[in-house]
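Engineer: With the input below, show me the fold.
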Amino acid sequence: MNRIALILPLAAFLATGCAGDRGLHLAARTNDASGIRALLSQGAKVNSTVGLGKLTPLHFAAMNGAQASAQALIDGGADVFASSIYGTPREAALSHRNIGGIAKLLEKAERKAQGLPDEVPEARHAAAPAAPAPEPAPRKAEPTSDIDSPARRGAERPDDFALVIGIEEYQSLPKADFGARDARTMRRHLEALGFPARNVISLEGSQATGSKLRSYLEEWLPLNVKASSTLFVYYSGHGAPDAKTGEAYLVPWDGDPKFLKSTALPLKTLYASLAKTKAKRVIVALDACFSGAGERSVLAQGARPLVAKAAELAPSEGRLTILAAASGDEITGTLAEQSHGLFTYHLLKGLSADPRASAKSLFDYLRPRVQDDARRENREQTPVLAGTALGEPLLAP
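Structural biologist: Numbering: from 1, shown residues only. All right, here's what the predicted structure looks like:
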């Protein structure tokens, strides 16, 4: 199946935008530079987008390594910094392993758009010896963990899907330490277990807005997930309780604990949206807490921490299995030496040891380890398991 069919169903694609704009996307994918120039001369919009992913024609060219069509689009005024689910067009090229000529072409176009030279020019004449350049500041090493590089273990499972959300830097809230790293590592593990990269939607940081979360939950997943699918949803970031009712919410990048009903996602809404998909099984893993007492939990200023309703942490639909990092009155923590959430680290450590582990056996592995590490920090953290079919492999087919 081609990438367009996987990103956007054909019927939806043909119903989007005007004919010229749709033609630009098709011409970009097939490397039809002359067709692009003809469409642009007839008024087609060079930066038109399709689908929830907000993909421009230049993104299509980048993802398919179509260098000639990319050049024609750039010559026609394409925005080389246009944002999409894959980032800029150059980032989209790199994420689809197109690291040759088209990536260099897009990098050159970015530099030109910023008013920078293609390359640093060499001096034409000899000059007095320049003062030695200052030593560059040592680059801060990226944190590493023994779970960051999973071994490839499973054959590709084309019907399985995942939504992976990780937020560390919020628009106007304290950090949720290592939230984005958790999500990136989770995605690598899912792909190693056979989830196709094209079926894993990853929302990190500012991509994880409330509207985008709802778009994927309420539109994209129900449209794409099949009756034969396993659907895995992972969230690492802040949770919050309603100060009056105790109802539990996931807090997106642009969420505000003072206005949870309009800016955050209730857990019960998450479960209800997942229940509407055709998936034969749905697994949810939550590295967040809902007490409002700190760490990966926030509360409106002036409100007191409280216990989130226990029922909100458990699924209400038979196909759902839930693994949560902490019970309703506790806070989650991180494992600083591994640069990951405590729950996420032990979850992935257990999956690495036994990819076919059942939900129950994986929970039995991680629960005492999370509790022990939390007690070393002089606090309690007790993971929660709820749902059905707990003896079946959690993520293996």
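Engineer: Double-check P241 against L250; I have them as touching.
Structural biologist: No - the criterion here is Cβ atoms under 8 Å, and P241 misses it with L250 at 11.5 Å. Where C-beta positions appear, they are placed from N, C-alpha and C, glycine not excepted.
Engineer: what are the ranges of the strands in the chain?
Structural biologist: 161-166, 200-204, 230-236, 239-241, 248-250, 265-266, 281-287, 320-324, 334-335, 340-341, 384-387 (DSSP state E).
Engineer: Distance to P150, mean neighbour count and mean pLDDT added to the ones you listed, as a markdown table?
Structural biologist: Output for the strands of the chain, formatted as a markdown table (distance: least, Cβ to Cβ, whole Å; neighbours: other Cβ atoms under 10 Å; pLDDT from 0 to 100):
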| stretch | distance to P150 | mean neighbour count | mean pLDDT |
| --- | --- | --- | --- |
| strand 161-166 | 14 | 26 | 97 |
| strand 200-204 | 14 | 21 | 95 |
| strand 230-236 | 14 | 26 | 96 |
| strand 239-241 | 26 | 30 | 85 |
| strand 248-250 | 26 | 27 | 90 |
| strand 265-266 | 28 | 18 | 94 |
| strand 281-287 | 16 | 24 | 94 |
| strand 320-324 | 18 | 23 | 92 |
| strand 334-335 | 17 | 22 | 89 |
| strand 340-341 | 13 | 29 | 93 |
| strand 384-387 | 22 | 18 | 90 |
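Engineer: do you know which of the ones you listed lies nearest A113?
Structural biologist: Closest approach to A113 among those (Cβ to Cβ): strand 200-204, 24.4 Å.
Engineer: Which strands and helices lie in contact with that closest one?
Structural biologist: Here strand 200-204 touches strand 161-166, helix 179-192, going by 3 or more Cβ pairs under 8 Å, 6 or more residues apart in numbering; DSSP states H and E.
Engineer: Name the stretch among those that sits most buried.
Structural biologist: strand 161-166 (a mean of 26; mean count of other Cβ atoms under 10 Å).
Engineer: Summarise which helices and strands that strand is packed against.
Structural biologist: Partner elements for strand 161-166 (3+ Cβ pairs under 8 Å, 6+ apart): helix 179-192, strand 200-204, helix 221-224, strand 230-236.
Engineer: low-confidence ranges in the stretch 101-250 of the chain?
Structural biologist: 118-142 (pLDDT under 70).
Engineer: follow-up on the earlier one: for the strands of the chain, which one sits closest to A359?
Structural biologist: strand 320-324 (5.2 Å).
Engineer: neighbouring strands for that closest one, and are they parallel or not?
Structural biologist: Sheet pairing of strand 320-324 (DSSP bridges) gives strand 281-287 (parallel), strand 384-387 (antiparallel).
Engineer: ok, the closest residue in space to A197 that isn't next to it in sequence to A66 distance?
Structural biologist: Counting by Cβ to Cβ, 6 or more residues apart in numbering, A197 lies nearest to E191, which is 5.5 Å off, once chain neighbours are set aside. Counting by Cβ to Cβ, to the nearest Å, the gap from E191 to A66 is 25 Å.
Engineer: And N31, by the same measure?
Structural biologist: 4 Å.
Engineer: between the two, who's got more neighbours?
Structural biologist: Neighbours per residue, other Cβ atoms under 10 Å: of N31 and A66, the larger number sits with A66, 26 against 17.
Engineer: who's in contact with the more buried one?
Structural biologist: Contacts for A66 were tallied using Cβ atoms under 8 Å, 6 or more residues apart in numbering; they are 28-31, 60, 102.
Engineer: now with 6 Å?
Structural biologist: N31 (Cβ atoms under 6 Å, 6 or more residues apart in numbering).
Engineer: With distance to K261 added, can I get the helices and strands packed on strand 161-166 in CSV?
Structural biologist: Converted to CSV, the helices and strands packed on strand 161-166 look like this (distance: least, Cβ to Cβ, whole Å):
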stretch, distance to K261
helix 179-192, 23
strand 200-204, 21
helix 221-224, 23
strand 230-236, 19
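Engineer: looking at the ones you listed, which is closest to L106?
Structural biologist: Ranking the helices and strands packed on strand 161-166 by their distance to L106 (criterion: Cβ to Cβ) puts strand 200-204 first, at 21.0 Å.
Engineer: so what strands line up beside that closest one?
Structural biologist: strand 161-166 (parallel).
Engineer: contacting residues for A155?
Structural biologist: Each residue near A155 by Cβ under 6 Å, 6+ apart is listed here: G194.
Engineer: what's the distance between it and P355?
Structural biologist: 12 Å.
Engineer: Show me what counts as buried in stretch 77-96.
Structural biologist: 78-80, 82-94, 96 (16 or more other Cβ atoms under 10 Å).
Engineer: One more: stretch 200-218?
Structural biologist: 200-205, 207-210, 212-213, 216-217.
Engineer: Quick check: closest non-adjacent residue to G101.
Structural biologist: Per Cβ to Cβ, 6+ apart, closest to G101 is Q67, 5.2 Å.
Engineer: Surely that neighbour and L106 touch.
Structural biologist: No - look at Q67 against L106 with Cβ atoms under 6 Å: they stay out of range, at 9.5 Å.
Engineer: State which helix of this protein is the longest.
Structural biologist: helix 359-375 (DSSP state H).
Engineer: got the angle between that helix and strand 320-324?
Structural biologist: With axes from the mean of the first three to the mean of the last three Cα atoms, to 10 degrees as the basis, helix 359-375 and strand 320-324 are set at 20 degrees to each other.
Engineer: chain center to helix 359-375, what's the gap?
Structural biologist: In terms of Cα atoms, centre = their mean, to the nearest Å, the gap separating the centre of helix 359-375 from the centre of its chain is 25 Å.
Engineer: Kind regards, and thank you for your time.
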